[in-house]
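Asker: can't give you the sequence, but here's the structure:
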Ligand code: HEM
């Protein structure tokens with residue numbers, strides 16, 4: 001980059017390159033700063049998805065009645081159209097289970113962290129002086145949402161709500177990637193997670209594979225492993241046990 005700059009025609013098209021280019025020559029171009037940015041993005045993309053998998057496995061094992069309908073859905077879709085993006089979109093029950101698992105085990109209890117770059121006054125008169133940080137209490141919102149029994153894990157609730165809204169063409173709003181003031185799993189608005197479509201595909205490929213090949217049940221002392229909290233981060237229990245039996 002330093003030698004060739006804009007003249008470098010066959011430059012890589014990857015994350016390290018994007019970070020280098022957006023840093024330019026200023027303060028952000030120090031090695032320490034570049035590495036911090038890379039690690040931050042690793043955390044934003046890899047840790048979140050990994051945590052979502054572990055939570056979903058715990059929820060599938062703790063709610064074994066979900067497994068047969070999921071197996072039926074996955075088998076039917078894969079036997080007709082194989083593994084493809086379209087097939088993953090059709091896995092509505094699996095999408096619903098992932099959304100429900102993320103709703104009750106939101107990776108960060110807060111979402112939509114924003115800083116007032118100019119003084120700002122909301123319509124209700126609340127005033128933010130310049131530099132104020134504001135966040136949305138995502139986990140609290142998820143558990144008091146306007147849905148029946150919001151604190152209860154109901155794996156297929158979003159699939160049922162989607163089916164009810166099918167006729168009005170609004171089924172998509174119940175998909176896991178559809179952010180809203182009530183679904184802050186991936187944030188909302190201009191800075192909503194751009195990786196959510198990719199993340200949901202990863203999660204569906206992995207979990208459909210698990211559901212197809214294994215029966216799951218909780219091991220250990222019984223009961224869904226409890227979450228641990230580190231500040232605002234919700235961590236899946238690292239001691240939890242899930243037993244897999246090959247179908
Ligand atoms: C289950 C997995 C994931 C979860 C739960 C998640 C969650 C989030 C949340 C809550 C935000 C903040 C959104 C906001 O402030 O409105 C965010 C931002 C972001 N996420 Fe994700 N994410 C996931 C996966 C990924 C993946 C796989 C990537 C990249 C491949 C990614 C890249 C990003 C980036 C770059 C931002 C910053 C966007 C911006 O500030 O404009 N995320 N994510």
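Answerer: Sure thing, it's come through. In this text the structure is predicted, and so the values were computed from the model without any measurement.
Asker: how near is the residue nearest to residue 208 when sequence neighbours are not counted to the ligand?
Answerer: Nearest residue to residue 208 in three dimensions, chain neighbours excluded: residue 74, at 4.6 Å (Cβ to Cβ, 6 or more residues apart in numbering). All C-beta atoms are positioned from the backbone trio N, CA, C, and that covers glycine. Per Cβ to the nearest ligand atom, to the nearest Å, residue 74 is found 20 Å from the ligand.
Asker: in this structure, which spans are helices?
Answerer: For the chain, the helices defined by DSSP state H occupy 15-23, 31-42, 48-62, 67-81, 85-90, 92-104, 138-142, 157-165, 196-213.
Asker: give me the low-pLDDT residue ranges for this structure?
Answerer: Along the chain, no part satisfies pLDDT under 70.
Asker: neighbours of residue 171, just the number please.
Answerer: Residues lying near residue 171 (other Cβ atoms under 10 Å) number 18.
Asker: show me the contacts for residue 161.
Answerer: Taking Cβ atoms under 8 Å, 6 or more residues apart in numbering, we find residue 161 in contact with residue 174.
Asker: typo on my end, residue 188
Answerer: Applying Cβ under 8 Å, 6+ apart to residue 188 gives the contacts 111-112, 136, 179-181.
Asker: ok, residue 172 next?
Answerer: Counting by Cβ under 8 Å, 6+ apart, residue 172 touches 162, 178.
Asker: and if we set it to 6 Å?
Answerer: Applying Cβ atoms under 6 Å, 6 or more residues apart in numbering, one finds that residue 172 lies in contact with residue 178.
Asker: chain neighbours aside, what residue packs nearest to residue 29?
Answerer: Excluding the flanking residues, the one nearest residue 29 by Cβ to Cβ, 6+ apart is residue 23, at 4.4 Å.
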